[in-house]
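A.B. asks: build me a model:
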Amino acid sequence: MVKYRRLGSTELHVSVIGIGTWQFGGEWGREYAQEEADAILDKGQELGINLMDTAECYGDHLSESLIGDYISRRKREDWIIATKFGHHFHERFTRTDAFDAKGVIAQLDASLRALKTDYIDLYQFHSGPDQAFDNDELWTALDKQIEAGKIRFLGTSIGSNDNLHQTDASARVNSRAIQVVYNRLDRMPEERVFPSCERQDLGVLARVPLASGYLSGKYKPGAVFGSTDVRHRHDAENTRLKLLEVERIQREEVPQGVEMASWALAWCLKHPAVTAVIPGCKDPEQVAANARAAGLVTGPHPQDVRL
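C.D. replies: Alright, predicted model coming up:
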């Protein structure tokens, strides 16, 4: 049974397991037909998942469009949609920054059209530089969009998992949530970002919680990834060392009989600052596997809610 938590100081109650949709944009090395996206999202809803995360630059609003087509044939209120702003997609892995206020409002309107919705639940500053973040004109323009009903809440997806500047400034710019890379192989946010989130009552969405699939337990040191696999872009020696560490973790930390991927997601969710994880998924079977992690999370959590 999927659990739910309050997302920071918002009124949003999100499932602790979300659905990341970067893959819908084509950069995982495959294209998704609408029926494939539908099957993934339907499986999520069947299992109690209500949170999906996307972005304007996951294939030039392509991911958003697949979601929008799906949502147009379902109940919009059943889903909490988080998307992002700040980039123009050109081709695979090629984007340019676009954080000026006027351009961001144009991106917002394009996202609303792609998502076939009148509002976005969580609209996130997407891994931009501090200089762009510190532009008061941008946040003033976004606050006006909240007043207009196009956005419910603002958030920040920090590019560096130790970006304390943007995290600490959340209250000033009306950002209610932080999205950050966090997993068993990358614990940096625990040092400065998470304490800041707890002080400000910010929701935390942990992205890449399976460390790009390395924490799935499927890969051994020496694994080779094909040219269409996003992991092909990673440094080979760094990948080898990560997989050696994964072997050690699986041997010494993962209980017998427990799937490593489920354990890794539950590990993230046990931190008191973390609201939800947003792993990607290739198919409905991976959605189901991700959802099983909720059953491994025991004990009270500061953000627990009952729906």
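A.B. asks: okay, CA-based contacts and neighbour counts for the rest of this
C.D. replies: OK.
A.B. asks: what ranges does this structure have for its strands?
C.D. replies: 4-6, 13-15, 19-20, 51-53, 80-85, 87-91, 94-97, 120-126, 151-157, 175-181, 203-207, 276-277, 304-305 (DSSP state E).
A.B. asks: single out the most deeply packed of those strands.
C.D. replies: Of all the strands of the chain, strand 276-277 has the most neighbours on average by mean count of other CA atoms under 10 Å, namely a mean of 30.
A.B. asks: and it, what does it pack against?
C.D. replies: strand 203-207, helix 260-269 (3 or more CA pairs under 8 Å, 6 or more residues apart in numbering; DSSP states H and E).
A.B. asks: need the residues that contact the longest helix along the chain.
C.D. replies: Ranked by residue count and defined by DSSP state H, the top helix of the chain is helix 236-252. With CA atoms under 8 Å, 6 or more residues apart in numbering as the test, helix 236-252 has contacts from Leu185, Tyr214, Leu215, Gly217, Tyr219, Lys220, Pro221, Gly222, Ala223, Met260.
A.B. asks: correct me, but the first one touches Ala211?
C.D. replies: Yes: between Leu185 and Ala211 there is a contact at 7.0 Å, judged by CA atoms under 8 Å.
A.B. asks: where in the stretch 51-200 of the chain is pLDDT low?
C.D. replies: Applying pLDDT under 70 to the stretch 51-200 of the chain flags residues 89-94.
A.B. asks: would a markdown table of the contacts of helix 236-252 with distance to Val16 and neighbour count be doable?
C.D. replies: Converted to a markdown table, these look like this (distance: CA to CA, whole Å; neighbours: other CA atoms under 10 Å):
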| residue | distance to Val16 | neighbour count |
| --- | --- | --- |
| Leu185 | 20 | 17 |
| Tyr214 | 21 | 20 |
| Leu215 | 18 | 27 |
| Gly217 | 22 | 17 |
| Tyr219 | 26 | 15 |
| Lys220 | 29 | 15 |
| Pro221 | 31 | 15 |
| Gly222 | 33 | 13 |
| Ala223 | 31 | 12 |
| Met260 | 18 | 22 |
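A.B. asks: ok, of those, which one's closest to Thr275?
C.D. replies: Taking CA to CA as the measure, Leu185 is the one of these closest to Thr275, at 18.7 Å.
A.B. asks: just read off the phi/psi values of that closest one.
C.D. replies: phi -90, psi -10 (degrees, to the nearest 10).
A.B. asks: quick one: contacts for it?
C.D. replies: Ala211, Lys242.
A.B. asks: repeat that with 6 Å
C.D. replies: Contact analysis of Leu185 by CA atoms under 6 Å, 6 or more residues apart in numbering lists nothing.
A.B. asks: what of His234?
C.D. replies: His234 neighbours (CA under 6 Å, 6+ apart): none.
A.B. asks: now His13: how far from Lys3?
C.D. replies: 10 Å (CA to CA, to the nearest Å).
A.B. asks: how about Arg240?
C.D. replies: 35 Å.
A.B. asks: those two - which one has more neighbours?
C.D. replies: Applying other CA atoms under 10 Å to Arg240 and Lys3 shows that Lys3 carries more neighbours, namely 20 against 16.
A.B. asks: so that one versus Asp304, what's the distance?
C.D. replies: 8 Å.
A.B. asks: kindly report the same for Gly44.
C.D. replies: From Gly44 to Asp304 the distance is 20 Å (CA to CA).
A.B. asks: ranges for the helices of this protein?
C.D. replies: 34-46, 62-71, 101-115, 130-133, 136-147, 164-168, 170-173, 193-200, 236-252, 260-269, 284-291.
A.B. asks: please determine how far Gly44 is located from Gly280.
C.D. replies: From Gly44 to Gly280 the distance is 12 Å (CA to CA).
A.B. asks: again, but for Trp263
C.D. replies: Distance from Trp263 to Gly280, by CA to CA: 16 Å.
A.B. asks: and if you look at His126?
C.D. replies: His126 is 17 Å from Gly280, by CA to CA.
A.B. asks: which residues does Arg192 contact?
C.D. replies: Applying CA under 6 Å, 6+ apart, no residues qualify as near Arg192.
A.B. asks: ditto for the one 10 residues further on
C.D. replies: Remark: with contacts taken as CA under 6 Å, 6+ apart, Leu202 is in contact with Gly8, Arg176, Ala177.
A.B. asks: dump these to JSON lines, plus distance to Ser160.
C.D. replies: Formatted as JSON lines, the contacts of Leu202 follow (distance: CA to CA, whole Å):
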{"residue": "Gly8", "distance to Ser160": "20"}
{"residue": "Arg176", "distance to Ser160": "18"}
{"residue": "Ala177", "distance to Ser160": "15"}
